[in-house]
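Peer 1: Need the 3D shape of this:
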Amino acid sequence: MTQTTTRVLEPSDLDAALAILGREPVENAFVTSRVQVAGLDPWRLGGEMWGWYSGGELRSLCYAGANLVPVCAGPEAVRAFADRARRTGRRCSSIVGPAEATRLLWQLLEPSWGPARDVRAHQPLMATERPSTEIAPDPLVRRIRKDEMDMIMPACVAMFTEEVGISPLAGDGGLLYQARVAELVGSGRSFA
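Peer 2: Numbers count the residues shown, from 1 in each chain. Alright, predicted model coming up:
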């Protein structure tokens, strides 16, 4: 019989977590980017990283922050993550990730969390391997500067609210969301 367990990962688990994330680099880009910037410290990460172990080996992850994101999670791991999410209570605004895992996770959580605001059964994930040689970059698009944060925050809040269905200002008044936008701007990953 194989022993399974879940636990909150610690900074010492970073290499094992990155190995799991590296299995599906495109699917796991969001969580990988968070871990590369913040490590596994819950305060810096903006949530907890749960690990699912089978036979003493880390096999799956679940990022539990503003989003609940199963990573390389089969049905048994998803069930374990759902049990943990029910016990800790709802803290996320969305469940995102691969369709099969998120569908099962939501089926298990909906009875205790209530109905979904929106279910996107067919949300494509697109990637490119190289820049287009046929489409010229728009010269008016540029990286946002740190001194433009006050100007872009209303647009960021509106975009999030329209996309997710709730305001990112709910709960903590937007402190975590503003920190995330500042992180994206500071790392040169925000454009206007």
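
Peer 1: Got the domain ranges for this structure?
Peer 2: 4-113, 148-187 (the TED database).

Peer 1: so which of those comes closest to P124?
Peer 2: Closest approach to P124 among these (Cβ to Cβ): domain 4-113, 10.4 Å. (Each C-beta comes from the backbone N, C-alpha and C, glycine too.)

Peer 1: distance between the ends of that closest one?
Peer 2: End-to-end span of domain 4-113 (Cα to Cα, to the nearest Å): 25 Å.

Peer 1: Mind listing what's buried along stretch 22-33?
Peer 2: Of the residues in stretch 22-33, E27, N28, V31, T32 count as buried by neighbour count, 16 or more other Cβ atoms under 10 Å.

Peer 1: let me redo that: stretch 94-102
Peer 2: Buried-residue list, stretch 94-102, by 16+ other Cβ under 10 Å: S94, I95, V96, G97, P98, A101, T102.

Peer 1: before we move on, back to that, any chance of the domains of the chain in a markdown table with distance to P124 as columns?
Peer 2: As requested, the domains of the chain are arranged in a markdown table below (distance: least, Cβ to Cβ, whole Å):
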| stretch | distance to P124 |
| --- | --- |
| domain 4-113 | 10 |
| domain 148-187 | 15 |
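
Peer 1: Quick one: closest of the ones you listed to T133.
Peer 2: domain 4-113 (21.5 Å).

Peer 1: Determine how far the closest one lies from the middle of the whole chain.
Peer 2: 9 Å (Cα atoms, centre = their mean, to the nearest Å).

Peer 1: Give the rounded mean pLDDT of it.
Peer 2: For domain 4-113, the mean per-residue pLDDT is 93.
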